[in-house]
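**Q** Prediction below, plus the sequence it came from.
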Amino acid sequence: MIKLMVNGRTVELEAGVTVLEAARAVGVSIPTLCSYPGLPSHAVCRMCLVEINGDPKPQPACVTLIRDGDQVETETDALRAFRQTNAEWLLARHPNDCLQCEVSGACQLQRLVREHEWETHWPACAGGAPDAHDPDLTDHTSPSIWRDLSKCIECGLCAEACGEPGQQLQVIGFAERGEERRPVTVFDQTLKETDCISCGQCTLVCPVGALIEAPHWHEVLRRLDSRQQISVVQVAPATRIAISEEFGFKPGTVSTGRLINALRQLGFDYVFDTNFAADLTIMEEGSELLARIQAQTDLPLFTSCCPGWVNWVELHRPDLLPHLSTTKSPQQMHGALSKRSRFARSLGPEYADGAKEPYVVSVMPCTAKKDEAARPGQSGDVDHVLTTRELARMIRSRGIAFGALEEDGEFDNPLGESTGAAQIFGASGGVMEAMARTAAHLVDPEAAPAIDWRPLRGVNEGVKTAQIPGVGAVAVCNGIAVAQRLLQTQNWRDQYVAIEVMACVGGCLGGGGEPKSMDPDILKKRAQAVYAVDGQAPRRRSFENPDVQALYAEELGRPNSAAAHALLHTRYAERRSKRAALMQFLDCVDRRDGRSAAALFHPDGVWSTASPYGDIHGAERIEAFISSQLPPRKFGPEFARHQMASPADGDDLTVVTPDGHRCRFELELARAPGKIRSATLIKSLVRRVD
């Protein structure tokens, strides 16, 4: 043990601890902007400088290791003066728009300025050297993540979260040195042009507003205030736990009832539980797994609940697409059911005959869910996605005293009933454990397999494995970096029948949209709460959900039926491929979004319709045709989509039309004129009817 003193307080700690950690152990607070649990510190912000043993040269507490007998001072006049000057330099380069900033009230720089009463006396100045290359400071191209480099303080946390210590994606990294140093993408591309998977870990660690989730909450409030549509909100399992932290509750506090009551006060007509769709996901995915095992095809099956993981596969390993489960995520299942199932028909004649549809919002711990809600073949089923942090902003904005709300709120039915198996979807390993509980039953209904699969649990392990009786060996990858390492060899093909991958360490509990926390044990505390809810549930296996049973009996028939596939399954495509371009275009046609469809075409592009409409020349005419000449779109249960005939075959451009006929397309791509790094556009699209 090492003994030292911090501001006159004695502390004994193990070797290898930093001065910053030692100070926190005795309750001493040291300002810092570039330190985050689980990521390496590089002493960039210099806010945490301390004096050790009277040495006039201060040392950064975040990287300086403790030594026996050290005398540490954190609050000398010289240190306070330096921190104020340092803050003034930061503020001189920082935009003064706190009233309009999404993270106002949660910004670490703003908090330090308020606490220490720092005032800026320096004139405003631009960042970087005068002759340095200045990339575009604002980037709103991604459906999930917004960047504003004018607010960046060069702490480096985003590069670490995206780099080797974190996700190992290297989408964001540092360029230049000294005063020209800033986090950039390769070739200063927009996030949409990069291989970003929208996981949002960069937004989770950013101490200011330079990286945030694409904000939807303003529009959601406007839609709720207008009362023009019946509104529906679904709540993910991780959200009802983490939301407590935003309002001062200790980590791991379950606030399901308070959350439901808050959502009702915000104006939602129906408050549903995403866990209902999680139970449904298990029924579909478990049955899909058993069918693949019986046919010995496309094994192992990879789970597809995590959109960040699906994005990674489409970007980096399209050869794995046949292995992905075609089952939609719980969010997208629930959205489809809210708009096109018996629930939608129950809302009244206008909703039943396709004249109107409910307004559907989801509350998720994940930024990639915003991206997922816009995927071809699924877009429109969920109108807006709120992160846990965004929902907290909404609640504060409307003056709702969350901590004073009763914990008696209950979800609406029929899309609100769930089991304990659905609740553990929020944790790494939860999807696989939920599937183990049901798959073993589907193999042998008379067997009594284990309910608790503890080898599949944990937030710190890399690959977790278990053996499901009658099914086979399964694995869980805790984070996209772990999945990348697993896939470097071919062993996974023979070792497992199913593999769960969650892009974020800890699963949804560590999602990019969760509350920001400096607690190094935050994932463990959230996970304990998840499994406690599961343990107290009266039903703990998905097939026991009575409303899921009723849905199959009344509408879907059985898992993996044709009706279930039409509503609950999806298709994939390699990014920037012909198949992806066709899927995007047909999605625009289905939604009668002529402007977005035209944006996919080369200005001189041609669409050969193989119909009485003939060939349509030019993007402008294509836009006009889709918007004004096609029959008006139907909503609700009457809405139908084109579907790719095969789930993942990149060469197969055969399509099943909304009326059930088959046709195939030939497609030619070309680069947009006048642009160097632009996405390719459709030059020619020919429809063939055999």
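**A** Everything's here; your move.
**Q** all strands for the stretch 401-550 of the chain, in order.
**A** 463-468, 472-478, 498-502 (DSSP state E, counting those that start in this stretch).
**Q** closest one to residue 682 among these?
**A** Smallest distance to residue 682 across the strands of the stretch 401-550 of the chain (C-beta to C-beta): 31.9 Å, for strand 498-502. The C-beta positions use only the backbone N, C-alpha and C, and glycine is treated the same way.
**Q** between that closest one and strand 472-478, what angle do the directions make?
**A** 10 degrees (axes from the mean of the first three to the mean of the last three C-alpha atoms, to 10 degrees).
**Q** For strand 498-502, give me every contacting residue.
**A** Contact partners of strand 498-502, identified using C-beta atoms under 8 Å, 6 or more residues apart in numbering, comprise 289, 300-303, 306, 309, 428-429, 431-432, 435, 471-472, 474-480, 483, 486, 492, 508.
**Q** So which of those residues are in helices?
**A** Counted as lying in helices by DSSP state H, out of these, are 289, 309, 431, 432, 435, 480, 483, 486, 492.
**Q** which one of these has the most neighbours?
**A** Ranked by the number of neighbours (other C-beta atoms under 10 Å), the ones in helices among the contacts of strand 498-502 place residue 431 first, at 33 neighbours.
**Q** pLDDT below threshold where in this protein?
**A** Within the chain, the segments meeting pLDDT under 70 span 120-136, 177-180, 448, 674-679.
**Q** switch the cut-off to 50
**A** 129-130, 132-133, 676 (pLDDT under 50).
**Q** Count the residues that sit near the nearest residue to residue 413 once chain neighbours are set aside.
**A** Nearest residue to residue 413, sequence neighbours excluded (C-beta to C-beta, 6 or more residues apart in numbering): residue 547, at 6.5 Å. Residue 547 has 15 neighbours, counted by other C-beta under 10 Å.
**Q** how far away is residue 547 from residue 332?
**A** Shown here: residue 547 relative to residue 332, a distance of 18 Å by C-beta to C-beta, to the nearest Å.
**Q** Residue 527 now?
**A** With C-beta to C-beta as the criterion, residue 527 and residue 332 are 25 Å apart.
**Q** Please apply the same query to residue 486.
**A** In terms of C-beta to C-beta, residue 486 sits 26 Å off from residue 332.
**Q** next one: residue 206
**A** Taking C-beta to C-beta, one finds residue 206 at 28 Å from residue 332.
**Q** for residue 77, same thing?
**A** Taking C-beta to C-beta, one finds residue 77 at 58 Å from residue 332.
**Q** So for these two, which sits in the more crowded spot?
**A** Using other C-beta under 10 Å, the more surrounded residue of residue 77 and residue 332 is residue 332, with 26 against 7.
**Q** residue contacts, the more buried one?
**A** Per C-beta under 8 Å, 6+ apart, neighbours of residue 332: 372, 373, 375, 378, 381, 382, 570.
**Q** Which one (most neighbours) among those?
**A** residue 372 (29 neighbours).
**Q** residues of stretch 187-201 that come out buried?
**A** 189, 191, 192, 193, 194, 195, 196, 197, 198, 199, 200, 201 (16 or more other C-beta atoms under 10 Å).
**Q** for stretch 658-673, that is, sorry about that
**A** 663, 665, 667, 669.
**Q** can you check stretch 265-275 too?
**A** Applying 16+ other C-beta under 10 Å to stretch 265-275 flags 266, 267, 268, 269, 270, 271, 272, 273, 274, 275 as buried.
**Q** What distance do you get for the nearest residue to residue 604 once chain neighbours are set aside to residue 567?
**A** Excluding its sequence neighbours, the residue lying closest to residue 604 (C-beta to C-beta, 6+ apart) is residue 618, at 6.5 Å. Counting by C-beta to C-beta, the gap from residue 618 to residue 567 is 36 Å.
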